[in-house]
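Asks: here is a sequence together with a model predicted from it:
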Amino acid sequence: IANEGNITTPNAEISFIPNDLSQVQNNVYSANNNNAKLGDVLQSIGFSGSNAYLVLNNTNKVVITNRYTMKKQGEITQELVNPRYIALANNYIYITNDTYMGAKYLSIYKADDLSYVKKIDFGSEPAERVVEAGGKIFVQNASFGSGKNIRVINTTDNTVASKITVPNVNIQKTISYNGAVYTITSTNTDSYIYQISSTGNITQTITLT
């Protein structure tokens, strides 16, 4: 569990709860890293293999740990400005960055050595949730209930393959599950859940009146 802590204060932390909900362990990062401070505003966590990727929004870094021991393995700081969410695909790491009234982009790194590859700029469109499905990366260009676009990133050359525009604004949240992407949107009266295939097509719509 990501505990973001207080903004401008480096008191972000990790809590752990096992599958059977039998206990809660708090402060597991500092407890396993010689009482080191994790950073300021733990926005999100990503997982891949034995690694956990801890995205620190106000510290502008991603800390990589062993997901089972929480011991630090490395960190990413280059080209991170207010990082938000993270996804991994095809041996690359993808991190959304979104500054209020500022730059909004996707920064890309090699997963094996954490070296910086490139960024994809979204202009004035938000860079929020990012998920993987079918070997592609889907970036939610919407935040705080504003925006209706999702960019599909080709992970072989790290370029924008297509743009999905949902029929009913605004996008609230996007996740991936079992090879597909699901995004929930809302208007002033109704909400909608869209299922999107890994090829970037809307395949099902559920209306919540």
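Replies: Ah, there it is. Numbers count the residues shown, from 1 in each chain.
Asks: residue 86 and residue 97 touch, don't they?
Replies: No: counting by CB atoms under 8 Å, residue 86 sits too far from residue 97 to count as a contact (10.7 Å). For the C-beta atoms, the positions are set from N, CA and C on the backbone; glycine is no exception.
Asks: okay, which residue is most central for this structure?
Replies: For the chain, the residue sitting closest to the mean C-alpha position, by CA atoms, centre = their mean, is residue 85 at 2.1 Å.
Asks: over to the closest residue to residue 47 other than its chain neighbours: give its phi and psi.
Replies: Spatial nearest neighbour of residue 47, chain neighbours left out: residue 67 (6.0 Å); criterion: CB to CB, 6 or more residues apart in numbering. Backbone torsions of residue 67, given as degrees, to the nearest 10, read phi -70, psi -20.
Asks: so what's residue 167 up against?
Replies: Residues near residue 167 by CB atoms under 8 Å, 6 or more residues apart in numbering: 192, 205.
Asks: Three-state assignment for it, please.
Replies: On the three-state scheme (DSSP: H, G, I helix; E, B strand; the rest coil), residue 167 is labelled coil.
Asks: which phi and psi values does it adopt?
Replies: phi -70, psi -30.
Asks: from residue 126, how far out is it?
Replies: In this view, residue 167 and residue 126 are 19 Å apart by CB to CB, to the nearest Å.
Asks: likewise residue 42?
Replies: For residue 42, the distance to residue 126 - CB to CB - is 20 Å.
Asks: can you check residue 187 too?
Replies: Distance of residue 187 to residue 126, computed by CB to CB: 18 Å.
Asks: with neighbour numbers in mind, choose between those two.
Replies: residue 126 (20 against 10; other CB atoms under 10 Å).
Asks: in contact with the closest residue to the more buried one other than its chain neighbours, which residues are there?
Replies: In space, and not counting its chain neighbours, residue 126 is closest to residue 143: 3.9 Å by CB to CB, 6+ apart. Each residue near residue 143 by CB under 8 Å, 6+ apart is listed here: 98, 126, 128.
Asks: return the backbone torsion pair for residue 143.
Replies: The phi/psi pair for residue 143 (degrees, to the nearest 10) reads phi -150, psi 150.
Asks: just grab the bridge partners of it for me.
Replies: residue 146 (DSSP bridges).
Asks: same check on residue 208?
Replies: In beta-bridge terms (that is, DSSP bridges), residue 208 pairs with residue 191.
Asks: could you dump stretch 117-130 to PDB, C-alpha only?
Replies: Extracted C-alpha coordinates of stretch 117-130, given in PDB (Å, rounded to 0.1, in the frame of the first residue of the first chain):
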ATOM      1  CA  VAL A 117      15.500   6.700 -23.900                       C
ATOM      2  CA  LYS A 118      13.200   9.500 -24.900                       C
ATOM      3  CA  LYS A 119      10.000  11.400 -24.000                       C
ATOM      4  CA  ILE A 120       6.700  11.700 -25.800                       C
ATOM      5  CA  ASP A 121       5.200  15.200 -25.300                       C
ATOM      6  CA  PHE A 122       1.400  15.600 -25.100                       C
ATOM      7  CA  GLY A 123       1.300  19.400 -25.300                       C
ATOM      8  CA  SER A 124      -1.500  20.800 -23.100                       C
ATOM      9  CA  GLU A 125      -3.200  17.400 -22.700                       C
ATOM     10  CA  PRO A 126      -2.800  15.700 -19.300                       C
ATOM     11  CA  ALA A 127      -0.500  12.700 -18.800                       C
ATOM     12  CA  GLU A 128      -2.100  10.600 -16.100                       C
ATOM     13  CA  ARG A 129      -2.800   6.800 -15.800                       C
ATOM     14  CA  VAL A 130      -0.600   4.500 -18.000                       C
END
